[in-house]
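Structural data only, the sequence is not supplied:
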């Protein structure tokens, strides 16, 4: 069996992006919950905020070579933005009064 090295290289690079995939998957799940399930916007927002906080933890824990596209700027900047956005979304979701 002949294995195309380009194909395996692309697959390997794609697998290296699992930290970002976890965060994006959580945000998409939260959006789906908020939009598709009646009266569950608050739960959807909590899932989105939690996913961003998971991203902040991933950025702290993972070494540079494993962080993949989670690296935007410095580690401090990345963690600060993800944590601030996650906490802000969670606080607003809990603070806003529903119908």
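Looks like it arrived, so ask away. These figures come from a predicted structure and were not determined experimentally.

What distance do you get for residue 30 to residue 75?
25 Å (C-beta to C-beta, to the nearest Å). Every C-beta, even on glycine, is put in place using the N, C-alpha and C of the backbone.

so where is the protein shaky, pLDDT-wise?
Residues of the chain meeting the criterion pLDDT under 70: 1-8, 10-15, 98-99.

which one is the residue positioned nearest the centre of the chain nearest to, not counting chain neighbours?
Most central in the chain under C-alpha atoms, centre = their mean is residue 23, positioned 1.6 Å from the mean C-alpha point. Using C-beta to C-beta, 6 or more residues apart in numbering and skipping residues adjacent in sequence, the residue nearest residue 23 is residue 55, 4.0 Å away.

Spit out the contact partners of the one you found.
When contacts are counted by C-beta atoms under 8 Å, 6 or more residues apart in numbering, residue 55 is found next to 19, 20, 22, 23, 70, 82, 86.

if we can go back for a sec, neighbour-wise, which of residue 30 and residue 75 wins?
Neighbours were tallied for residue 30 and for residue 75 using other C-beta atoms under 10 Å; the higher tally belongs to residue 30 (23 against 15).
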